[in-house]
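> sequence? don't have it. structure:
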């Protein structure tokens, strides 16, 4: 089916209104709406380079992807200081963007979620409700290939500062990611409460379990079943426990910022 400019803008409008999403959870499993990504990708082909500079800040991009404009009625707090939200991104009422931050096309940010300073929400990333994405964290974008599942952070999760969640990783509801943790689609996560590595899902993707508390750790390099004498270790996120009332209480302190 040919994608026209009219169709492209219809889809962007629906994404910004929260009426359409790049990915949705069906029967407990996240599914990507491939056709939505295909329409977004077509926007780069359909657009022409334009000078969209704002004041002293130069801005040259395809005219199909300008910065999104918000109104007071949208209910989104965007604190001044250099943040940009691209057209086709959805920010729910009650969400907060601290400067400077960037939210890319196709991204979804749920109500009550804080996007802290120096945070990047990549293209098509799905970030749920009542989440704190702490300072200097990157939520990776997954725009191509069109059928690839984007990075997903489910409701009630907490992502600490200077983290990186990439390549379509799924962080399930209520999980806590400590500062400095890096997770990709192929990262092995060790569950110290069970003494075993977390199993990947059906498509081989890394999934952070519901309510898991994850910190940075390491594991020895093993050869022939034995650790190397050199003592060299590899980076490895570790689940140290699952969220309890004490953990939840400390995370809820973030409510004071709203």
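That came in fine, so what should we check first? Bear in mind the structure is a predicted one, so any value in this text is a computation, not a measurement.
> wait, doesn't residue 108 sit right on residue 90?
Yes. Counting by CB atoms under 8 Å, residue 90 is a contact partner of residue 108 at 4.9 Å. (C-beta placed from N, C-alpha, C; glycine too.)
> Between the two, which contacts overlap?
Common neighbours of residue 108 and residue 90, counting by CB atoms under 8 Å, 6 or more residues apart in numbering, are 15, 18, 21.
> Distance of residue 118 relative to residue 138?
Distance from residue 118 to residue 138, counting by CB to CB, to the nearest Å: 9 Å.
> neighbour count winner among those two?
Per other CB atoms under 10 Å, whichever of residue 118 and residue 138 has more neighbours is residue 138, with 21 against 18.
> SS state for the nearest residue to residue 92 once chain neighbours are set aside?
Using CB to CB, 6 or more residues apart in numbering and skipping the chain neighbours, the partner closest in space to residue 92 is residue 111 (3.9 Å). Secondary structure, DSSP: H, G, I helix; E, B strand; the rest coil: residue 111 is coil.
> that older thread, show me how to select, in ChimeraX, the buried members of the shared contacts of residue 108 and residue 90.
Applied in ChimeraX, the following selects the buried portion of these according to 16 or more other CB atoms under 10 Å:
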select :15,21
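> Take the shared contacts of residue 108 and residue 90 and write them to CSV, including secondary structure, distance to residue 148 and pLDDT.
Output for the shared contacts of residue 108 and residue 90, formatted as CSV (DSSP: H, G, I helix; E, B strand; the rest coil; distance: CB to CB, whole Å; pLDDT from 0 to 100):
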residue, secondary structure, distance to residue 148, pLDDT
15, helix, 17, 98
18, coil, 22, 97
21, coil, 15, 98
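> Among the shared contacts of residue 108 and residue 90, pick out the one closest to residue 38, please.
residue 15 (13.3 Å; CB to CB).
> correct me, but that closest one touches residue 86?
No. Here residue 15 lies out of contact with residue 86, judged by CB under 8 Å, at a distance of 10.6 Å.
> contacting residues for residue 220?
Contact analysis of residue 220 by CB under 8 Å, 6+ apart lists 227-228, 231-234.
> what's the farthest-apart pair in the residues you listed?
Farthest-apart pair in those is 231 and 234; separation 11.8 Å (CB to CB).
> For those two, indicate the residue with more neighbours.
Legend: neighbour count by other CB under 10 Å for residue 231 and residue 234, higher for residue 234 (11 against 8).
> So what pairs up with the more buried one in the strands?
Residue 234 has the following beta-bridge partners by DSSP bridges: residue 219.
> ditto for the one 4 residues further on
When bridges are taken as DSSP bridges, the partners of residue 238 come out as residue 190, residue 215.
> returning to that earlier point: what do residue 15 and residue 86 both touch?
Counting by CB under 8 Å, 6+ apart, the contacts common to residue 15 and residue 86 are residue 105.
> Residue 85 bridge partners, please.
residue 103.
> where exactly do the helices run in this structure?
5-16, 34-46, 245-252 (DSSP state H).
> I'm done for today, thanks for sticking with me.
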